[in-house]
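> any chance you could fold what I've pasted below:
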Amino acid sequence: MSGDEQDAAMLRLVKERREVRQRKALIESELQSAGRSLYEIGTLLKHINGGLYDPVEQVLPQVEQAPEICGLNRLKELLKELKGAQEVLAQLNRSAVELGVDG
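I've put the predicted structure just below:
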């Protein structure tokens, strides 16, 4: 591989790794948001037992305001996407070491 080809490969690697890191961070942020919302909903649902107050009146607004991401199918998709991004990032990191970008 010539010097120009190696420089181009390094540049592509750095750009791709930056894009994957950004996508990974976005997915993690979405999952954290879903986690907070689901935690609040779950906390209210744990108290549905016919007690002194009606948690249904509290949980319904939470469920209605929950982001779309809280759907289990969407969570599953995002988790798979996160796993894929982690795998790609690990490979890119190995390639970076091989090319001497990281050492």
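
> need the contact partners of the lowest-mean-pLDDT helix or strand in the chain.
Scoring the helices and strands of the chain by mean pLDDT, DSSP states H and E places helix 55-65 at the bottom, with a mean of 81. Where contact means Cβ atoms under 8 Å, 6 or more residues apart in numbering, the residues beyond helix 55-65 that reach it are 37, 40, 41, 44, 45, 47, 48. Heads up, the C-betas are built off the backbone N, CA and C, glycines and all.

> now with 7 Å, please.
Applying Cβ atoms under 7 Å, 6 or more residues apart in numbering, the external contacts of helix 55-65 come out as 40, 41, 44, 45, 47, 48.

> out of the residues you listed, which sit inside strands?
For the contacts of helix 55-65, not one is inside strands, with DSSP state E as the criterion.

> which strands and helices lie in contact with the lengthiest helix in the chain?
Assignment by DSSP state H gives helix 3-45 as the longest helix of the chain. Applying 3 or more Cβ pairs under 7 Å, 6 or more residues apart in numbering; DSSP states H and E, one finds that helix 3-45 contacts helix 55-65, helix 72-99.

> output those helices as CSV; include the columns distance to residue 22 and mean neighbour count.
Putting the helices and strands packed on helix 3-45 into CSV (distance: least, Cβ to Cβ, whole Å; neighbours: other Cβ atoms under 10 Å) gives the following:
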stretch, distance to residue 22, mean neighbour count
helix 55-65, 28, 13
helix 72-99, 10, 14
